[in-house]
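Colleague: test case, fold it:
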Amino acid sequence: MLLLVFRSSLAAHLNMRVREVVEGAPTVLAAHGEFILESLNRERITPGEIFSEMHKAGLDDLPQVRWAVLETDGKTSIVPEPPAKTQSEQSSAEGPPAASCRVAEAQKRAPVRLPSWRADRARRADRRPGS
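Modeller: Numbering: from 1, shown residues only. Take a look at the predicted model:
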């Protein structure tokens, strides 16, 4: 049994097609407030099961759901739609104050820092003899 687990793990690591068969892929069951019936039928999941997960996530209606996804481990993830903006939020989104524009411009001009592994590689390249 242990040998079978090891071999399937090794095969999944080395080959993408084997990985897809062994591990599977997430399935979208509902998108933007509408069920995807083909996915529900293929995965043998009822709308009632989706509604049960919605209630656990604190959602009451299907239009409140942006995505319902069946994960590879068998759990259902619910992603809610973002809340609608109020009038005050919409007016503040029309344009940032001048001070925040100056901060954004300063951030654009800030030097870019390399990730540590790239910086290390650049330092080693500078130390090479004959460079």
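
Colleague: when you work out contacts or count neighbours from here on, use the C-alpha atoms and nothing else.
Modeller: Fine.

Colleague: list the buried residues in stretch 65-77.
Modeller: Across stretch 65-77, burial judged by 16 or more other Cα atoms under 10 Å covers 65-70, 76-77.

Colleague: neighbours of residue 22, how many?
Modeller: Neighbour count for residue 22, taken as other Cα atoms under 10 Å: 13.

Colleague: skipping its backbone neighbours, what lies nearest it in space?
Modeller: residue 12 (6.9 Å; Cα to Cα, 6 or more residues apart in numbering).

Colleague: just the CA coordinates for whichever strand or helix holds that neighbour, please, in PDB.
Modeller: Per DSSP states H and E: residue 12 is located in helix 2-14. Once non-C-alpha atoms are left out, helix 2-14 reads as follows in PDB (Å, rounded to 0.1, in the frame of the first residue of the first chain):
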ATOM      1  CA  LEU A   2       2.800   2.400   0.900                       C
ATOM      2  CA  LEU A   3       4.600   1.600  -2.300                       C
ATOM      3  CA  LEU A   4       1.400   2.400  -4.300                       C
ATOM      4  CA  VAL A   5       1.100   5.800  -2.600                       C
ATOM      5  CA  PHE A   6       4.700   6.600  -3.200                       C
ATOM      6  CA  ARG A   7       4.500   5.600  -6.900                       C
ATOM      7  CA  SER A   8       1.300   7.600  -7.500                       C
ATOM      8  CA  SER A   9       2.900  10.600  -5.800                       C
ATOM      9  CA  LEU A  10       6.000  10.400  -7.800                       C
ATOM     10  CA  ALA A  11       4.100  10.000 -11.100                       C
ATOM     11  CA  ALA A  12       1.900  13.000 -10.200                       C
ATOM     12  CA  HIS A  13       5.000  15.000  -9.500                       C
ATOM     13  CA  LEU A  14       6.700  14.100 -12.800                       C
END
